[in-house]
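K.L.:
test case, fold it:
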Amino acid sequence: MSAWLDSARRAFQAGNLPETERLCRAAMAAKPSDFDAHYLLGIVQMQRGEFLPAEQSIGAAFPSSLALASTARFLLLSAASMFWAM
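P.N.:
Prediction:
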């Protein structure tokens with residue numbers, strides 16, 4: 001795991017979403033296929049209510065499997081529905 005991603009997880013746990021996003025993007029610049037960076041970025045975007053970018057980020061974490069990408073889309077939309085129902 002990259003130092004950027006370790007720092008991104010700490011920033012996320014501290015609630016610092018802008019720093020988490022910056023660090024995820026740095027991790028993806030170094031390794032474009034980084035599953036964890038794409039997924040964590042999608043979670044950050046979802047927490048901000050940016051559901052389309054979140055779907056794209058989480059979907060990018062699963063490029064080799066359409067079934068997994070479809071599952072990610074379903075989970076994202078389910079989470080968004082629960083969020084807005086609150």
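
K.L.:
tell me, how many residues neighbour residue 54?
P.N.:
23 (other CB atoms under 10 Å). C-beta here means a position set from N, CA and C on the backbone, and glycine is covered the same way.

K.L.:
which residues touch it?
P.N.:
42, 43, 45, 46, 76 (CB atoms under 8 Å, 6 or more residues apart in numbering).

K.L.:
out of those, the closest to residue 10 would be?
P.N.:
Closest approach to residue 10 among the contacts of residue 54 (CB to CB): residue 43, at 14.5 Å.

K.L.:
so which helix or strand takes in residue 21?
P.N.:
Assessed by DSSP states H and E, residue 21 sits inside helix 17-30.

K.L.:
for residue 62, helix, strand, or coil?
P.N.:
coil (DSSP: H, G, I helix; E, B strand; the rest coil).

K.L.:
from residue 55, how far off is it?
P.N.:
11 Å (CB to CB, to the nearest Å).

K.L.:
coming back round to it: what does the helix holding residue 21 rub up against?
P.N.:
2, 4-5, 7-8, 11-12, 34, 36-38, 40-41, 44-45, 47-48.

K.L.:
dump the contacts of residue 54 to CSV, plus secondary structure, distance to residue 27 and pLDDT.
P.N.:
Formatted as CSV, the entries for those read as follows, by DSSP: H, G, I helix; E, B strand; the rest coil; distance: CB to CB, whole Å; pLDDT from 0 to 100:
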residue, secondary structure, distance to residue 27, pLDDT
42, helix, 13, 92
43, helix, 14, 90
45, helix, 15, 94
46, helix, 18, 88
76, helix, 20, 69
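
K.L.:
ranking those by neighbours, who comes first?
P.N.:
For the contacts of residue 54, neighbours were counted using other CB under 10 Å, and residue 42 has the most, 24 neighbours in all.

K.L.:
so who does the most centrally placed residue in the chain touch?
P.N.:
Nearest to the geometric centre of the chain sits residue 42, at 2.2 Å (CA atoms, centre = their mean). Contacts for residue 42 (CB under 8 Å, 6+ apart) come out as 53, 54, 55, 56, 57, 58, 61, 76.

K.L.:
going through those, which ones are buried?
P.N.:
54, 55, 57, 58, 61, 76 (16 or more other CB atoms under 10 Å).
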